[in-house]
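Asks: Can you look at this prediction? I've put the sequence above it.
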Amino acid sequence: MQNPSGRRPTLLAMRAFVLLIETENREKAATQMEITVAQVTALMRELEKRLGVQLLLRTGERYVPTEAGIDFGARCREVIALTDEAEAMCSGAAMAPRGLLRIQCDVGFGQRYVLPVIGNFCARFPQITVEFSTSSSTSDLLIRGVDASIHLADRLMDPRGLSRKLGDTFMVLCASPAYLEKHGHPRTPVDLYDQPCFRLISPSVPTDWNLIDDTGTTQRLLLRSRLTTDTPELLTEVTLQGKGIALMPTFCAIELVRAGRLQHVLREWRSQDIGVYATFSAQQPLDSKSRAWLEWVTERITPQLQTDREYFRIQSQQ
């Protein structure tokens, strides 16, 4: 088959595959690549044959990726972006990362992990203009005009976006010293049924309190929370006021526990792990400014997530 773009067939197939994921339509993918529909079909057939796995499912005229296709598509985008960058460098067109980068993340997470590193990022890349906003939404980055999002989720299954896992976090039980002095310390998770409990709600947090201990034993609690909120500051404030026990993210609790303003309750128990992901708009392959941001947060936020996990792990053994 003639290769109209002059690229190796494998890379050409990757480009066709990514466009099929994004457009869900052979005609649209063929038009964008300036090849025929028959060529797109042949590329996909050969690609699946070479890999020995089904990458796409056809529903009427729509094409959707299989689970293997979602994972392969993410890697394809990285390969395409690196290839384009290499070609630009050889042609003399490569430039320092520049342009507008719109970043979004959860409020509490941003205060703990993003705000300490974003200033130095701006200083390191003066040709990048950053717009930073907070939101717990994890979908439709393109519609909302967001280039890069950092958010929490059990698992990402977005075939249109490039996602990279930065690490894991979890939630811990906390109460004020005054509350515990008055009401006593719960000894088992079941004791929480007799306590006023507060919970942070977000798309990444299950409705039930599904706790796990250091041995892997789980305890699911069908608690009726006295207060549920999507605002970390409110959750923190009512807990500091001694009104009850909160299941709160480590990034909200850690400095208050260190300062003695809150106490870590039922230390051997915590929530299940919650993944922390950097996700990028799939409008184009990852550009230089987005890639610079990904490398920056991976080098700085990933180690901090592990350090915070270790702090509470040590707490659980005391």
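Replies: Cool, got the structure.
Asks: where in the stretch 201-318 of the chain is pLDDT low?
Replies: Using pLDDT under 70 as the threshold, the predicted model of the stretch 201-318 of the chain has low-confidence ranges 203-207, 282-285, 318.
Asks: Tell me which stretches of it form helices.
Replies: Remark: helices of the stretch 201-318 of the chain, listed N- to C-terminal, are 232-240, 250-258, 288-316; assignment by DSSP state H, counting those that start in this stretch.
Asks: now the angle between helix 250-258 and the first one, please.
Replies: The one in question is helix 232-240. Helix 232-240 runs at 30 degrees relative to helix 250-258, counting by axes from the mean of the first three to the mean of the last three Cα atoms, to 10 degrees.
Asks: In stretch 24-40, which of the residues would be classed as buried?
Replies: The neighbour-count check on stretch 24-40 (16 or more other Cβ atoms under 10 Å) flags 24-26, 29-30, 33, 35-36, 39-40 as buried. (Glycine included, C-beta is placed from N, CA and C.)
Asks: Quick one: end-to-end distance for it.
Replies: The stretch stretch 24-40 measures 12 Å between its terminal residues, going by Cα to Cα, to the nearest Å.
Asks: starting at the chain centroid, how far to that stretch?
Replies: 31 Å (Cα atoms, centre = their mean, to the nearest Å).
Asks: tell me the domain ranges of this structure?
Replies: Using automatic domain parsing, the domain ranges for the chain come out as 9-91, 99-161+275-303, 171-272.
Asks: nearest to Gln317, of those?
Replies: Comparing the domains of the chain by their distance to Gln317 (Cβ to Cβ), the top pick is domain 171-272, with 7.8 Å.
Asks: The closest one: end-to-end distance?
Replies: From its first residue to its last, domain 171-272 covers 8 Å (Cα to Cα).
Asks: and the gap between the most centrally placed residue in the chain and Arg155?
Replies: The residue at the geometric middle of the chain, judged as the C-alpha nearest the mean C-alpha position with Cα atoms, centre = their mean, is Tyr277 (1.9 Å). Between Tyr277 and Arg155 the computed distance is 9 Å (Cβ to Cβ, to the nearest Å).
Asks: what's the helix or strand for Leu100?
Replies: Using DSSP states H and E, the element containing Leu100 is strand 99-105.
Asks: For that strand, name the packing helices and strands.
Replies: Using 3 or more Cβ pairs under 8 Å, 6 or more residues apart in numbering; DSSP states H and E as the contact criterion, the neighbours of strand 99-105 among helices and strands are strand 128-134, strand 148-153, helix 288-316.
Asks: next one: the helix or strand just after that strand to chain centre, how far?
Replies: Proceeding C-terminally, strand 99-105 gives way to helix 107-109 as the next helix or strand, assigned by DSSP H and E. The gap between where helix 107-109 is centred and where its chain is centred comes out at 13 Å by Cα atoms, centre = their mean.
Asks: swap in stretch 222-233?
Replies: Its chain's C-alpha centre lies 23 Å from the corresponding centre of stretch 222-233 when counted by Cα atoms, centre = their mean.
Asks: swap in stretch 102-117?
Replies: Per Cα atoms, centre = their mean, the centroid offset for stretch 102-117 relative to its chain is 12 Å.
Asks: can you pull the buried residues of that stretch?
Replies: 102-114.
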